[in-house]
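Novice: no sequence for this one, just the structure:
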């Protein structure tokens, strides 16, 4: 049983640092403490919690099952203490902060580049760290504070997170400007004739269901197009789509399309960005794609984090202009 009389708030800070860094040395650097101070704090924490918490291996400090279980509430508790104690008023012009965002490279190209340009003028000491919206457990990364904001399409957002809609998007067809379909009214037969290149970070073999991964209650898009509507439309016509290339990288699309007769289905905002920079064309699809909302998601217990609230507002303002 945990002896709360011996619990020191600094021990929780040490736990968080080691959990995030998976290294005593890196945790010591983060907290500006000595290696021995971190090791001593971990011993005290193990005695207090009654669990090893971390197993030292050649690859670093591996958290135990108990450590994984207590990491999210410890992160929330430390955030709450910081807000209760009263952080100073946030001033973008002088703030020295680093935010970590998770997004696809398509969102990076459309939105995050604009955010970076804006920050360089109004908040020169605020840095961005961008992580890919991959198959990693995104919900856990948000829970423990490795990621501040995730930007994507989410079918379900659990109550421990907050979400803000950035824009609504629908799929369009993209092809090279001299493609045989360019300027034509597209039919289902056309979609069956020409092979597709699509954006996907994983399918059913990786655990996706109906185009979404579910992780700790957070359901996020795995295929960056409405595959269900495509397959339904093709089946109704007795035809089949041929997905020749499935890639997680939006920026690979122009090279794949420019010298082939492949076609691609992309959200309109991403498609327009690519068409503006490459010799590509856009056409409506021969079926009605569903509109999906691109959202920013973050931990609900950080609603009083002035810097994070400011960043979300910037994202929303930029999105409104796209």
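Specialist: Perfect, I can see it now. Note that this is a predicted model, so its numbers are computed, not measured.

Novice: please name the nearest non-neighbouring residue to residue 253.
Specialist: residue 264 (5.5 Å; CB to CB, 6 or more residues apart in numbering). Quick note: C-beta positions are derived from backbone N, CA and C, even for glycine.

Novice: sorry, that was for residue 285
Specialist: residue 173 (5.5 Å).

Novice: give me the sheet partners of the helix or strand where that neighbour lies and which way each runs.
Specialist: In this structure, residue 173 sits in strand 171-176 according to DSSP states H and E. Here strand 171-176 is paired, per DSSP bridges, with strand 263-267 (antiparallel), strand 280-283 (antiparallel).

Novice: where does the stretch 51-200 of the chain have low pLDDT?
Specialist: Per-residue confidence for the stretch 51-200 of the chain (pLDDT under 70) gives these ranges: 83-89, 135-136.

Novice: please, where are all the helices along the chain?
Specialist: 9-21, 24-31, 35-49, 65-85, 105-107, 113-122, 138-143, 188-193, 227-236, 253-258, 268-277, 306-320 (DSSP state H).

Novice: out of those helices, which gets nearest to residue 93?
Specialist: helix 113-122 (6.9 Å; CB to CB).

Novice: centre of the chain versus the closest one, how much separation?
Specialist: 19 Å (CA atoms, centre = their mean, to the nearest Å).

Novice: other SSEs contacting that helix?
Specialist: strand 126-132, helix 306-320 (3 or more CB pairs under 8 Å, 6 or more residues apart in numbering; DSSP states H and E).

Novice: residue 157 contacts residue 293, doesn't it?
Specialist: No. At 10.5 Å, residue 157 does not count as touching residue 293 under the criterion of CB atoms under 8 Å.

Novice: and the two? Which one has more around it.
Specialist: residue 157 (18 against 13; other CB atoms under 10 Å).

Novice: list the residues that contact the more buried one.
Specialist: Residues near residue 157 by CB atoms under 8 Å, 6 or more residues apart in numbering: 163, 218, 219, 295, 297.

Novice: how about 6 Å then?
Specialist: 163, 297 (CB atoms under 6 Å, 6 or more residues apart in numbering).

Novice: where's it relative to residue 299, distance?
Specialist: 11 Å (CB to CB, to the nearest Å).

Novice: equivalent analysis for residue 243, please.
Specialist: Applying CB to CB to residue 243 and residue 299 gives a distance of 36 Å.

Novice: comparing the two, which residue is more hemmed in?
Specialist: residue 299 (22 against 17).

Novice: mind listing what the more buried one touches?
Specialist: residue 142.

Novice: tell me what it is bridged to.
Specialist: residue 161.

Novice: need the pLDDT of it.
Specialist: At residue 299, the model reports a pLDDT of 93.

Novice: thinking again about what came up before, how many residues are close by the residue nearest to residue 285?
Specialist: Neighbours of residue 173 (other CB under 10 Å): 23.

Novice: quick one: it and residue 284 touch, right?
Specialist: No. Contact status for residue 173 versus residue 284: not in contact, 7.1 Å apart, counting by CB atoms under 6 Å.

Novice: what pLDDT does the closest residue to residue 178 other than its chain neighbours get?
Specialist: Take residue 178 and drop its neighbours on the chain: the residue closest to it by CB to CB, 6+ apart is residue 279, 7.9 Å away. Looking at residue 279, its pLDDT stands at 88.

Novice: separation between residue 279 and residue 166?
Specialist: For residue 279, the distance to residue 166 - CB to CB - is 28 Å.

Novice: and those two? Which one has more around it.
Specialist: A side-by-side neighbour count of residue 279 and residue 166, using other CB under 10 Å, places residue 166 first with 22 against 11.

Novice: could you verify my assumption that residue 283 touches residue 173?
Specialist: Yes. Under the criterion of CB under 6 Å, residue 283 makes contact with residue 173 at 4.6 Å.

Novice: now for these two: what residues contact both?
Specialist: What both residue 283 and residue 173 touch, as defined by CB under 6 Å, 6+ apart, is the set residue 186.

Novice: before we move on, the earlier item: can you check what angle separates the strand holding residue 173 from helix 227-236?
Specialist: 80 degrees (axes from the mean of the first three to the mean of the last three CA atoms, to 10 degrees).

Novice: tell me the angle strand 171-176 makes with helix 268-277.
Specialist: 20 degrees.

Novice: let me see the contact set for residue 216.
Specialist: Residue 216 touches residue 139, counting by CB under 6 Å, 6+ apart.

Novice: mind doing that once more with 7 Å?
Specialist: 139, 140 (CB atoms under 7 Å, 6 or more residues apart in numbering).

Novice: distance of the nearest residue to residue 30 once chain neighbours are set aside from residue 171?
Specialist: Spatially, and ignoring its direct neighbours in sequence, residue 30 is nearest to residue 17 (5.0 Å; CB to CB, 6+ apart). Distance, residue 17 to residue 171, by CB to CB: 43 Å.
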